[in-house]
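Asks: coords please:
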Amino acid sequence: MMRLLGIGLVALAASSAFAGTLVKWDFEGDVTTPSVGNGVAALVGGTSATFATGFGGGRGWNTTSYPAQGTGNKTAGVRFSVDTTGYRSIVVSWDHRHSNTAANTVSFQYTLDGLNWIEARTFTANAGDTWFSRSVDLSSVAGVGNNTKFAFRILAAFADGSGYQASRSGSNYAPTGTWRFDNVTVTAEPVPEPATLAALGLGLLGLSRARRRR
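Replies: Numbering: from 1, shown residues only. All right, here's what the predicted structure looks like:
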């Protein structure tokens, strides 16, 4: 009986913390509205965009009009806003294509208040006209989950103190280079309801007491 109770409590805990897709942009239909969930995709820093072939087919969001060499470090790219109310353990992933002359260095930043930005990670492309699959795990960052103002942005960054570097070795960086995005996805776990947590706590307490009696 105690074993069955323990199995049931484990199942209850697992069901209350099941990770799934909260929001996803796949840009099918040449739109920036999410195909799953709710969120807002926007251009930042003067970039412009059209739509082109996505990762493995389909459609992707093709951005260009990046800053001139030596200017606008970590100011231009794309931004995605996602209300994470009721969710935790946030992970962001996306497919990212660099053209030959696009910036090779990527800054991933997030905000908890919509105003102040924190750099979580940088990525560096080692080839042009190539797709890269990237992800950033924010599950351990306090305040990312259960937040109406959570957003993240993906920006072109200087490769060193002097400026941008082209993604393809031997090419020169150009503002007309393109970054293309596809399958921008936010996964999360639902925050357990208080009743679920209470039931789990009472069950574990009962199991502990029963074991002591034995």
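
Asks: buried ones in stretch 109-116?
Replies: Buried residues in stretch 109-116, defined by neighbour count with 16 or more other C-beta atoms under 10 Å: 109, 110, 111, 112. Just so you know, the C-beta spots here come from the backbone N, C-alpha and C atoms, and that holds for glycine as well.

Asks: Can you measure across that stretch, start residue to end residue?
Replies: Criterion C-alpha to C-alpha, to the nearest Å; first-to-last residue distance in stretch 109-116 is 10 Å.

Asks: Report the distance from it to the chain centre.
Replies: Relative to the centre of its chain, stretch 109-116 is centred 13 Å away, using C-alpha atoms, centre = their mean, to the nearest Å.

Asks: what's it in contact with?
Replies: For stretch 109-116, contacts defined as C-beta atoms under 8 Å, 6 or more residues apart in numbering pick out 74, 81, 117-120, 138, 141, 143-144, 147, 149-153, 155.

Asks: Averaged pLDDT, that stretch. What do you get?
Replies: On average, the pLDDT along stretch 109-116 is 98.

Asks: From here on, call the first residue 59.
Replies: Got it, the first residue is 59 from now on, which makes the last one we talked about stretch 167-174.

Asks: any weak-confidence spans in this structure?
Replies: Using pLDDT under 70 as the threshold, the predicted model of the chain has low-confidence ranges 59-75, 253-272.

Asks: all strands of it, in order?
Replies: According to DSSP state E, the chain carries its strands in the segments 78-83, 98-102, 106-111, 117-122, 135-139, 145-156, 163-169, 175-182, 188-195, 209-215, 237-248.

Asks: Tell me which of those approaches residue 223 most closely.
Replies: Residue 223 lies closest, by C-beta to C-beta, to one member of these: strand 163-169, at 6.8 Å.

Asks: follow-up on the earlier one: so which of the buried residues of stretch 167-174 is the closest to residue 110?
Replies: Distances from the buried residues of stretch 167-174 to residue 110 were compared by C-beta to C-beta; the smallest belongs to residue 167, at 24.9 Å.

Asks: which parts of stretch 111-118 are buried?
Replies: Of the residues in stretch 111-118, those buried by neighbour count under the rule 16+ other C-beta under 10 Å are 112, 113, 117, 118.

Asks: Run the chain-centre distance for it.
Replies: If you compare the mean C-alpha spot of stretch 111-118 with that of the full chain, they lie 19 Å apart, counting by C-alpha atoms, centre = their mean.
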